[in-house]
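J.: Dropping a prediction and its sequence here:
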Amino acid sequence: MSENIKVKRVFVIYTGGTFGMVLNDVGVLAPKPKALENFLRQDANLHDPNLRAPEKHKDELALPVVKGESCRVLYKILEYDPLLDSSEIAGIDWMRIANDISSNYEFFDGFVVIHGTDTLAYTASALSFMLDNLAKPVVVTGSQIPIYDTRTDGKNNLVSSLIIAGCYEIPEVCVVFANKLLRGNRTVKVNCNALEAFDSPNAPLLGTFNCVINIDRSQIRPAPRDKLRAVTGVLEKNLATLKITPDISINVIRSALAEPIKGVVLESYGTGNIPSKRTEIIDLLQEAVHRGVIIVNCTQCLSGSVAAIYDAGAELNKLGVLSGSDITSEAAYTKLAYVLGSNVSHNRKIKLMKNNLRGEMTVTA
(Lines give C-alpha, C1' and ligand atoms only; values in the text may rest on other atoms or scores of the structure.)
Protein backbone atom coordinates (compact mmCIF):
# COMPACT_ATOMS: atom_id res chain seq x y z
CA MET A 1 0.00 0.00 0.00
CA SER A 2 1.27 3.45 -0.89
CA GLU A 3 2.80 5.36 1.98
CA ASN A 4 1.33 8.55 0.50
CA ILE A 5 -2.27 7.60 1.27
CA LYS A 6 -3.71 9.85 3.94
CA VAL A 7 -4.72 8.50 7.32
CA LYS A 8 -7.93 9.88 8.78
CA ARG A 9 -9.15 9.22 12.31
CA VAL A 10 -12.79 8.83 13.28
CA PHE A 11 -14.20 8.79 16.79
CA VAL A 12 -17.17 6.41 17.13
CA ILE A 13 -19.64 6.89 19.99
CA TYR A 14 -21.64 3.72 20.51
CA THR A 15 -24.74 4.68 22.52
CA GLY A 16 -26.70 1.45 22.04
CA GLY A 17 -29.80 0.58 20.03
CA THR A 18 -30.73 -2.37 17.81
CA PHE A 19 -27.31 -2.13 16.13
CA GLY A 20 -25.61 -4.09 18.93
CA MET A 21 -28.46 -6.18 20.34
CA VAL A 22 -28.94 -9.95 20.54
CA LEU A 23 -31.89 -12.16 21.45
CA ASN A 24 -31.97 -12.78 25.20
CA ASP A 25 -33.29 -15.77 27.14
CA VAL A 26 -36.92 -14.75 26.66
CA GLY A 27 -36.56 -14.17 22.93
CA VAL A 28 -36.47 -10.37 22.76
CA LEU A 29 -33.66 -8.08 21.65
CA ALA A 30 -31.44 -6.72 24.39
CA PRO A 31 -28.04 -4.93 24.47
CA LYS A 32 -24.86 -6.99 24.46
CA PRO A 33 -22.26 -4.89 26.35
CA LYS A 34 -18.51 -5.09 25.77
CA ALA A 35 -18.93 -7.15 22.59
CA LEU A 36 -19.02 -4.80 19.62
CA GLU A 37 -15.36 -3.89 19.26
CA ASN A 38 -14.18 -7.50 19.48
CA PHE A 39 -16.78 -8.49 16.89
CA LEU A 40 -15.64 -5.75 14.51
CA ARG A 41 -12.01 -6.82 14.86
CA GLN A 42 -12.92 -10.31 13.57
CA ASP A 43 -14.63 -9.00 10.41
CA ALA A 44 -12.21 -8.50 7.51
CA ASN A 45 -14.53 -5.92 5.94
CA LEU A 46 -14.52 -3.79 9.08
CA HIS A 47 -10.95 -4.19 10.31
CA ASP A 48 -7.71 -4.98 8.52
CA PRO A 49 -4.98 -5.82 11.08
CA ASN A 50 -2.35 -5.74 8.34
CA LEU A 51 -2.74 -2.01 7.81
CA ARG A 52 0.05 -0.40 9.73
CA ALA A 53 -1.26 2.24 12.09
CA PRO A 54 1.00 4.87 13.65
CA GLU A 55 2.41 3.57 16.92
CA LYS A 56 0.34 5.90 19.10
CA HIS A 57 -2.87 4.71 17.38
CA LYS A 58 -1.96 1.02 17.12
CA ASP A 59 -4.96 -0.12 19.17
CA GLU A 60 -7.48 1.56 16.88
CA LEU A 61 -9.45 -0.36 14.28
CA ALA A 62 -8.49 0.05 10.63
CA LEU A 63 -11.14 0.12 7.93
CA PRO A 64 -9.80 -1.66 4.83
CA VAL A 65 -8.78 0.63 2.02
CA VAL A 66 -11.83 1.68 0.00
CA LYS A 67 -11.44 1.79 -3.76
CA GLY A 68 -11.79 5.32 -5.07
CA GLU A 69 -11.04 7.01 -1.74
CA SER A 70 -7.79 8.89 -1.19
CA CYS A 71 -7.50 8.06 2.50
CA ARG A 72 -7.77 5.16 4.89
CA VAL A 73 -9.75 5.36 8.09
CA LEU A 74 -8.67 4.45 11.59
CA TYR A 75 -11.45 4.48 14.15
CA LYS A 76 -11.72 4.40 17.89
CA ILE A 77 -14.86 3.27 19.73
CA LEU A 78 -16.26 4.76 22.93
CA GLU A 79 -18.98 2.44 24.22
CA TYR A 80 -21.47 3.91 26.66
CA ASP A 81 -22.07 2.06 29.91
CA PRO A 82 -24.86 1.19 30.21
CA LEU A 83 -25.89 0.92 26.57
CA LEU A 84 -29.07 2.90 25.91
CA ASP A 85 -32.28 1.96 24.17
CA SER A 86 -33.07 4.97 22.01
CA SER A 87 -36.56 5.28 23.51
CA GLU A 88 -34.78 6.22 26.76
CA ILE A 89 -32.51 8.87 25.22
CA ALA A 90 -33.28 12.48 26.15
CA GLY A 91 -31.65 15.86 26.67
CA ILE A 92 -29.07 14.73 29.21
CA ASP A 93 -27.83 12.14 26.70
CA TRP A 94 -27.69 14.72 23.88
CA MET A 95 -25.49 16.80 26.19
CA ARG A 96 -23.23 13.82 26.89
CA ILE A 97 -22.81 13.06 23.19
CA ALA A 98 -22.13 16.71 22.36
CA ASN A 99 -19.56 16.96 25.17
CA ASP A 100 -17.81 13.75 24.04
CA ILE A 101 -17.56 15.16 20.52
CA SER A 102 -16.30 18.50 21.82
CA SER A 103 -13.64 16.98 24.10
CA ASN A 104 -12.28 14.84 21.24
CA TYR A 105 -12.81 17.40 18.48
CA GLU A 106 -9.16 18.39 18.01
CA PHE A 107 -7.91 14.80 17.80
CA PHE A 108 -10.19 13.33 15.14
CA ASP A 109 -11.22 14.18 11.59
CA GLY A 110 -14.83 13.11 11.97
CA PHE A 111 -17.35 11.47 14.29
CA VAL A 112 -19.89 8.66 14.09
CA VAL A 113 -22.72 8.20 16.59
CA ILE A 114 -24.26 4.71 16.64
CA HIS A 115 -27.82 5.13 17.87
CA GLY A 116 -31.15 3.34 18.08
CA THR A 117 -33.60 4.28 15.35
CA ASP A 118 -36.65 5.31 17.40
CA THR A 119 -35.27 8.70 18.47
CA LEU A 120 -32.39 8.96 16.02
CA ALA A 121 -34.01 11.92 14.21
CA TYR A 122 -34.40 13.78 17.53
CA THR A 123 -30.75 13.24 18.46
CA ALA A 124 -29.46 14.23 15.01
CA SER A 125 -31.58 17.40 15.13
CA ALA A 126 -30.54 18.27 18.68
CA LEU A 127 -26.83 17.81 17.95
CA SER A 128 -27.10 20.08 14.90
CA PHE A 129 -28.19 22.94 17.16
CA MET A 130 -25.93 22.13 20.11
CA LEU A 131 -22.70 21.87 18.06
CA ASP A 132 -22.27 25.51 17.10
CA ASN A 133 -19.62 26.26 14.45
CA LEU A 134 -19.24 22.59 13.56
CA ALA A 135 -16.61 22.22 10.83
CA LYS A 136 -16.24 18.42 10.77
CA PRO A 137 -18.71 15.68 9.86
CA VAL A 138 -20.81 14.15 12.62
CA VAL A 139 -22.67 11.12 11.26
CA VAL A 140 -25.55 9.51 13.16
CA THR A 141 -26.38 5.96 12.13
CA GLY A 142 -27.79 2.67 13.37
CA SER A 143 -29.52 -0.38 11.95
CA GLN A 144 -32.84 -2.15 11.71
CA ILE A 145 -31.23 -5.59 12.10
CA PRO A 146 -28.45 -6.19 14.68
CA ILE A 147 -24.91 -6.28 13.32
CA TYR A 148 -24.46 -9.82 14.69
CA ASP A 149 -27.17 -11.15 12.35
CA THR A 150 -26.34 -12.51 8.90
CA ARG A 151 -28.81 -10.19 7.15
CA THR A 152 -27.78 -7.09 9.07
CA ASP A 153 -27.91 -3.65 7.49
CA GLY A 154 -25.58 -2.44 10.24
CA LYS A 155 -22.32 -3.24 8.45
CA ASN A 156 -23.23 -1.24 5.37
CA ASN A 157 -24.45 1.69 7.45
CA LEU A 158 -21.30 1.66 9.61
CA VAL A 159 -18.87 1.44 6.68
CA SER A 160 -20.65 4.24 4.82
CA SER A 161 -20.65 6.37 7.97
CA LEU A 162 -16.92 5.84 8.56
CA ILE A 163 -16.13 6.80 4.98
CA ILE A 164 -18.20 9.99 5.18
CA ALA A 165 -16.78 10.94 8.60
CA GLY A 166 -13.20 10.26 7.57
CA CYS A 167 -12.89 11.06 3.90
CA TYR A 168 -15.35 13.87 3.18
CA GLU A 169 -15.53 17.49 4.26
CA ILE A 170 -19.16 17.79 5.29
CA PRO A 171 -19.29 20.30 8.15
CA GLU A 172 -22.61 19.37 9.71
CA VAL A 173 -24.58 16.71 11.53
CA CYS A 174 -25.94 14.20 9.05
CA VAL A 175 -27.58 10.79 8.99
CA VAL A 176 -26.37 7.76 7.03
CA PHE A 177 -28.91 5.01 6.55
CA ALA A 178 -29.75 2.57 3.75
CA ASN A 179 -27.42 4.13 1.17
CA LYS A 180 -28.64 7.67 1.84
CA LEU A 181 -26.83 10.67 3.28
CA LEU A 182 -29.34 13.06 4.85
CA ARG A 183 -29.13 16.35 6.73
CA GLY A 184 -29.66 15.44 10.37
CA ASN A 185 -32.25 18.06 11.23
CA ARG A 186 -34.28 17.27 8.09
CA THR A 187 -34.52 13.57 8.87
CA VAL A 188 -37.64 11.68 9.93
CA LYS A 189 -38.25 8.00 10.58
CA VAL A 190 -40.73 6.93 7.93
CA ASN A 191 -40.83 3.16 8.41
CA CYS A 192 -40.30 0.93 11.44
CA ASN A 193 -40.12 -2.33 9.45
CA ALA A 194 -38.18 -1.52 6.27
CA LEU A 195 -34.42 -1.18 6.00
CA GLU A 196 -34.98 2.24 4.39
CA ALA A 197 -36.20 3.63 7.68
CA PHE A 198 -35.34 7.31 7.19
CA ASP A 199 -35.98 10.05 4.68
CA SER A 200 -35.87 13.84 4.42
CA PRO A 201 -39.18 14.65 2.72
CA ASN A 202 -38.66 18.41 2.54
CA ALA A 203 -34.97 18.54 1.65
CA PRO A 204 -32.81 16.93 -1.04
CA LEU A 205 -30.45 14.14 -0.09
CA LEU A 206 -26.88 15.22 0.63
CA GLY A 207 -25.61 12.12 -1.11
CA THR A 208 -26.18 8.51 -2.12
CA PHE A 209 -24.15 5.31 -1.87
CA ASN A 210 -24.38 3.19 -5.00
CA CYS A 211 -21.52 1.71 -7.02
CA VAL A 212 -19.88 5.06 -6.36
CA ILE A 213 -20.45 7.60 -3.62
CA ASN A 214 -22.20 10.68 -4.95
CA ILE A 215 -22.20 13.84 -2.82
CA ASP A 216 -24.41 16.75 -3.85
CA ARG A 217 -22.02 19.59 -3.08
CA SER A 218 -24.70 22.17 -3.83
CA GLN A 219 -26.52 21.01 -0.68
CA ILE A 220 -23.52 21.05 1.68
CA ARG A 221 -23.42 24.02 4.02
CA PRO A 222 -20.19 26.06 4.10
CA ALA A 223 -17.77 25.38 6.94
CA PRO A 224 -17.78 28.02 9.70
CA ARG A 225 -14.58 29.85 10.53
CA ASP A 226 -15.10 30.15 14.26
CA LYS A 227 -14.12 27.55 16.83
CA LEU A 228 -16.54 24.77 17.77
CA ARG A 229 -18.74 25.57 20.72
CA ALA A 230 -20.77 22.79 22.30
CA VAL A 231 -23.85 24.45 23.78
CA THR A 232 -24.73 22.00 26.54
CA GLY A 233 -25.58 24.23 29.49
CA VAL A 234 -29.39 24.13 29.53
CA LEU A 235 -32.03 22.51 27.36
CA GLU A 236 -35.62 23.47 28.09
CA LYS A 237 -37.70 20.47 29.21
CA ASN A 238 -41.08 22.16 29.61
CA LEU A 239 -42.16 21.55 26.04
CA ALA A 240 -45.21 19.94 24.51
CA THR A 241 -46.31 18.63 21.14
CA LEU A 242 -49.98 19.31 20.43
CA LYS A 243 -51.52 17.48 17.49
CA ILE A 244 -54.84 18.93 16.31
CA THR A 245 -57.49 16.30 15.74
CA PRO A 246 -61.21 16.47 14.89
CA ASP A 247 -63.28 17.17 18.03
CA ILE A 248 -60.13 17.58 20.11
CA SER A 249 -61.06 18.20 23.72
CA ILE A 250 -60.52 21.72 24.97
CA ASN A 251 -59.06 20.16 28.13
CA VAL A 252 -56.34 18.50 26.05
CA ILE A 253 -55.41 21.87 24.53
CA ARG A 254 -55.57 23.62 27.89
CA SER A 255 -53.27 21.01 29.41
CA ALA A 256 -50.74 21.28 26.57
CA LEU A 257 -50.55 25.07 26.96
CA ALA A 258 -50.69 25.33 30.76
CA GLU A 259 -47.90 26.28 33.15
CA PRO A 260 -45.03 25.39 33.30
CA ILE A 261 -45.00 24.87 29.51
CA LYS A 262 -42.59 27.26 27.75
CA GLY A 263 -42.77 26.01 24.16
CA VAL A 264 -45.20 24.06 21.99
CA VAL A 265 -44.91 22.30 18.65
CA LEU A 266 -48.40 22.70 17.18
CA GLU A 267 -49.06 20.01 14.58
CA SER A 268 -51.86 21.45 12.47
CA TYR A 269 -53.74 20.27 9.40
CA GLY A 270 -52.41 20.69 5.87
CA THR A 271 -50.71 24.03 5.30
CA GLY A 272 -51.11 25.06 8.93
CA ASN A 273 -54.84 25.07 9.65
CA ILE A 274 -56.84 24.62 12.85
CA PRO A 275 -60.59 24.72 13.56
CA SER A 276 -60.53 28.51 13.92
CA LYS A 277 -64.30 28.77 14.42
CA ARG A 278 -63.81 27.10 17.80
CA THR A 279 -63.15 30.37 19.60
CA GLU A 280 -62.21 28.61 22.85
CA ILE A 281 -59.13 27.17 21.07
CA ILE A 282 -58.17 30.59 19.72
CA ASP A 283 -58.58 32.12 23.18
CA LEU A 284 -56.30 29.54 24.79
CA LEU A 285 -53.60 29.99 22.14
CA GLN A 286 -53.82 33.77 22.50
CA GLU A 287 -53.53 33.52 26.28
CA ALA A 288 -50.47 31.25 26.02
CA VAL A 289 -48.69 33.56 23.56
CA HIS A 290 -49.37 36.56 25.84
CA ARG A 291 -47.90 34.57 28.73
CA GLY A 292 -44.68 34.09 26.74
CA VAL A 293 -45.14 30.57 25.43
CA ILE A 294 -43.47 30.17 22.03
CA ILE A 295 -45.72 28.13 19.74
CA VAL A 296 -44.37 26.81 16.42
CA ASN A 297 -46.90 25.75 13.81
CA CYS A 298 -45.91 22.64 11.81
CA THR A 299 -47.86 20.58 9.34
CA GLN A 300 -48.97 17.04 10.18
CA CYS A 301 -48.22 16.07 6.58
CA LEU A 302 -45.03 14.18 5.85
CA SER A 303 -44.16 16.61 3.04
CA GLY A 304 -45.00 20.24 2.51
CA SER A 305 -44.90 23.53 4.32
CA VAL A 306 -46.99 25.70 6.60
CA ALA A 307 -48.32 28.74 4.74
CA ALA A 308 -51.16 31.10 5.68
CA ILE A 309 -53.18 30.63 2.50
CA TYR A 310 -56.48 29.87 4.29
CA ASP A 311 -58.34 31.88 6.91
CA ALA A 312 -57.89 29.02 9.38
CA GLY A 313 -54.11 29.29 9.12
CA ALA A 314 -53.94 33.08 8.87
CA GLU A 315 -55.70 33.25 12.22
CA LEU A 316 -52.68 31.63 13.88
CA ASN A 317 -50.34 34.27 12.45
CA LYS A 318 -52.53 37.00 13.95
CA LEU A 319 -52.21 35.35 17.35
CA GLY A 320 -48.41 35.38 17.25
CA VAL A 321 -48.01 31.67 16.58
CA LEU A 322 -44.78 31.21 14.61
CA SER A 323 -44.74 29.53 11.22
CA GLY A 324 -42.50 26.48 11.19
CA SER A 325 -42.35 26.51 7.39
CA ASP A 326 -41.20 23.02 6.33
CA ILE A 327 -39.39 22.07 9.55
CA THR A 328 -39.91 18.56 10.91
CA SER A 329 -41.67 18.07 14.22
CA GLU A 330 -38.46 16.54 15.63
CA ALA A 331 -36.35 19.52 14.58
CA ALA A 332 -38.95 22.00 15.85
CA TYR A 333 -39.01 20.28 19.25
CA THR A 334 -35.22 20.13 19.66
CA LYS A 335 -34.79 23.66 18.34
CA LEU A 336 -37.25 24.90 20.96
CA ALA A 337 -35.29 23.03 23.65
CA TYR A 338 -32.07 24.66 22.45
CA VAL A 339 -33.40 28.20 21.93
CA LEU A 340 -35.54 28.36 25.08
CA GLY A 341 -32.58 27.13 27.12
CA SER A 342 -30.37 29.95 25.89
CA ASN A 343 -29.71 33.03 27.99
CA VAL A 344 -31.16 35.65 25.64
CA SER A 345 -34.24 37.86 25.65
CA HIS A 346 -37.70 36.59 24.74
CA ASN A 347 -37.69 38.63 21.54
CA ARG A 348 -34.32 37.18 20.58
CA LYS A 349 -35.66 33.67 21.15
CA ILE A 350 -38.58 34.40 18.82
CA LYS A 351 -36.17 35.68 16.18
CA LEU A 352 -33.99 32.57 16.49
CA MET A 353 -37.02 30.33 16.06
CA LYS A 354 -38.00 32.22 12.92
CA ASN A 355 -34.50 32.01 11.43
CA ASN A 356 -32.88 29.11 9.63
CA LEU A 357 -29.99 28.27 11.97
CA ARG A 358 -28.58 24.98 10.65
CA GLY A 359 -30.43 24.29 7.41
CA GLU A 360 -33.43 22.94 9.33
CA MET A 361 -36.08 24.97 7.50
CA THR A 362 -36.80 27.01 4.42
CA VAL A 363 -37.28 30.69 5.25
CA THR A 364 -39.13 32.88 2.77
CA ALA A 365 -39.89 36.57 2.95
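T.: On my side now, so go ahead.
J.: Please enumerate the helices of the stretch 1-150 of the chain.
T.: In chain order, the stretch 1-150 of the chain shows helices spanning 36-41, 91-103, 120-130, with DSSP state H, counting those that start in this stretch as the criterion.
J.: what comes up buried for the first one?
T.: By that I understand helix 36-41. Buried residues in helix 36-41, defined by neighbour count with 16 or more other Cβ atoms under 10 Å: 36-37, 40. Every residue, glycine included, has its C-beta placed from N, CA and C.
J.: now do the longest one
T.: By neighbour count, and taking 16+ other Cβ under 10 Å as the criterion, the buried residues in helix 91-103 are 91, 93-98, 100-102.
J.: can you state the direction angle for that helix and helix 120-130?
T.: Helix 91-103 and helix 120-130 are oriented at 50 degrees to each other (axes from the mean of the first three to the mean of the last three Cα atoms, to 10 degrees).
J.: With adjacent residues omitted, what lies nearest to residue 242?
T.: Of all residues beyond its chain neighbours, the one nearest residue 242 is residue 256 (4.2 Å), with distances taken as Cβ to Cβ, 6 or more residues apart in numbering.
J.: which residues does the one you found contact?
T.: When contacts are counted by Cβ atoms under 8 Å, 6 or more residues apart in numbering, residue 256 is found next to 240-242, 264.
J.: which of those has the most neighbours?
T.: Neighbour count (other Cβ atoms under 10 Å) singles out residue 264 as the most crowded of those, with 26 neighbours.
J.: Then that one would be within a helix, right?
T.: No. Counting by DSSP: H, G, I helix; E, B strand; the rest coil, residue 264 is not part of a helix but strand.
J.: Hmm, residue 257 and it touching each other?
T.: Yes. At 6.4 Å, residue 264 and residue 257 qualify as touching, with contact defined as Cβ atoms under 8 Å.
J.: Quick check: neighbours shared by these two?
T.: 240, 242, 288, 293.
J.: Can you name the residues bridging to the first one?
T.: When bridges are taken as DSSP bridges, the partners of residue 240 come out as residue 264.
J.: quick one, what contacts it?
T.: Counting by Cβ under 8 Å, 6+ apart, residue 240 makes contact with 256-257, 261, 263-265.
J.: from the middle of its chain, how far away would the helix or strand where residue 283 lies be?
T.: Assessed by DSSP states H and E, residue 283 sits inside helix 279-291. For helix 279-291, the separation from the chain centroid amounts to 32 Å (computed by Cα atoms, centre = their mean, to the nearest Å).
J.: Same check on stretch 187-200?
T.: In terms of Cα atoms, centre = their mean, the centre of stretch 187-200 is set 13 Å apart from its chain centre.
J.: One more: stretch 73-91?
T.: On the basis of Cα atoms, centre = their mean, stretch 73-91 is displaced by 14 Å from the centre of the chain it belongs to.
J.: can you tell me the distance between the two ends of it?
T.: Across stretch 73-91, the straight-line distance between its terminal residues is 31 Å, by Cα to Cα, to the nearest Å.
J.: which of the contacts of residue 256 sit farthest apart?
T.: The most widely separated members of the contacts of residue 256 are 241 and 264, with 7.4 Å between them, by Cβ to Cβ.
J.: Report the contact partners of the residue nearest the centre of the chain.
T.: When Cα atoms, centre = their mean is applied to the chain, the residue found nearest the centroid is residue 124 (1.3 Å). By Cβ under 8 Å, 6+ apart, the residues touching residue 124 are 140, 173-175, 184-185, 187.
J.: coming back round to it: got TSV for the helices of the stretch 1-150 of the chain, with distance to residue 214 and mean pLDDT too?
T.: Formatted as TSV, the helices of the stretch 1-150 of the chain follow (distance: least, Cβ to Cβ, whole Å; pLDDT from 0 to 100):
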stretch	distance to residue 214	mean pLDDT
helix 36-41	27	96
helix 91-103	26	98
helix 120-130	21	98
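J.: With distance to residue 145 as added columns, please give the ones you listed in JSON lines.
T.: Shown next, in JSON lines, are the helices of the stretch 1-150 of the chain (distance: least, Cβ to Cβ, whole Å):
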{"stretch": "helix 36-41", "distance to residue 145": "14"}
{"stretch": "helix 91-103", "distance to residue 145": "23"}
{"stretch": "helix 120-130", "distance to residue 145": "15"}
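J.: Of these, which is nearest residue 114?
T.: For the helices of the stretch 1-150 of the chain, distance to residue 114 was read as Cβ to Cβ. The smallest value, 8.3 Å, belongs to helix 36-41.
J.: what's in contact with the closest one?
T.: When contacts are taken as Cβ under 8 Å, 6+ apart, the neighbours of helix 36-41 outside the stretch itself are 14, 20, 46-47, 49, 61, 77, 79, 147-148.
J.: so which of those residues would you say is closest to residue 211?
T.: Of all the contacts of helix 36-41, the one sitting nearest residue 211 is residue 46; the distance, using Cβ to Cβ, is 20.3 Å.
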